[in-house]
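>>> how would this look folded up:
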Amino acid sequence: SLGEVSCDIYSMDKVGSKWSTPVKLPEQVNTKYTETQVAVGIDERERETIYFVSDRKEGKGGLDIWYSTYYEDKKEYREAKNCGSRINSVGDEITPFINPINRQMIFSSNGHPSFGGFDVFKSSGERSRWSEPENIGTAINSYSDELYYVVSPAGGEGVFASNRAVSYTHLRA
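Sure, this is the predicted structure:
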């Protein structure tokens, strides 16, 4: 219908300083539904696994986090699977990030207990086996939405996006 958008995931290779033409990932990943917000992780066998957000009908709620593992020897992605009910709730789970230091998944949710809106959570595991997500607390989360939390490869610092109101009354002209 008018106004609906469906996103798909593409890949590109970098050869030297040039990027190849974008190639749409196959039907094991992309469907007639939306696939977006990709995070790349490495599993225990050093295989690339992509985590992404989709609104497929087989999900637990509106937007869920799904995964697909890439098999280098066959040059193919496996059929995407849901990350499971520990990660995905009846609400929306979005903006996954795989921490390169400890392989934790960091994501935002409005379906897990929160301080309001979307909060940032972390969970340990991989693919469809995850620990109970932990709200990362009020140092980051507020009554507004917090999303796209990422940590630096060195650890100790990160960035996120929020729609919280900011007061600039402390600034002088």
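>>> Quick one, grab the pLDDT at the one residue sitting closest to the centre of the chain.
Centroid-nearest residue in the chain: residue 96, 1.7 Å away (criterion: CA atoms, centre = their mean). Looking at residue 96, its pLDDT reads 98.
>>> Now it: phi and psi?
Main-chain torsions, residue 96, degrees, to the nearest 10: phi -70, psi 150.
>>> Might you list the low-confidence residue ranges for this structure?
1-3, 166-173 (pLDDT under 70).
>>> Tell me which stretches of it form helices.
Assigned helices in the chain: none (criterion: DSSP state H).
>>> mind listing what the closest residue to residue 127 other than its chain neighbours touches?
In this structure, residue 127 finds its nearest non-sequential neighbour in residue 67, 5.4 Å apart by CB to CB, 6 or more residues apart in numbering. Where C-beta positions appear, they are placed from N, C-alpha and C, glycine not excepted. The neighbourhood of residue 67, defined by CB atoms under 8 Å, 6 or more residues apart in numbering, consists of 49, 50, 51, 52, 80, 81, 83, 127, 128.
>>> how far away is residue 67 from residue 49?
Distance from residue 67 to residue 49, counting by CB to CB, to the nearest Å: 6 Å.
>>> so what sits against both of these two?
residue 127.
>>> isn't the residue nearest to the centre of the chain right up against residue 120?
No: Residue 96 is beyond contact range of residue 120, at 11.0 Å (criterion: CB atoms under 8 Å).
>>> where do the contact lists of the two overlap?
106, 107.
>>> and residue 20, what does it touch?
Shown in contact with residue 20 (CB under 8 Å, 6+ apart): 12, 13, 14.
>>> ok, those vs residue 87, which is closest?
For the contacts of residue 20, the closest approach to residue 87 (CB to CB) belongs to residue 12, at 27.7 Å.
>>> Could you give the number of residues near that closest one?
10 (other CB atoms under 10 Å).
>>> Could you double-check that it sits in contact with residue 24?
No: assessed by CB under 8 Å, residue 12 is found out of contact with residue 24, at 11.0 Å.
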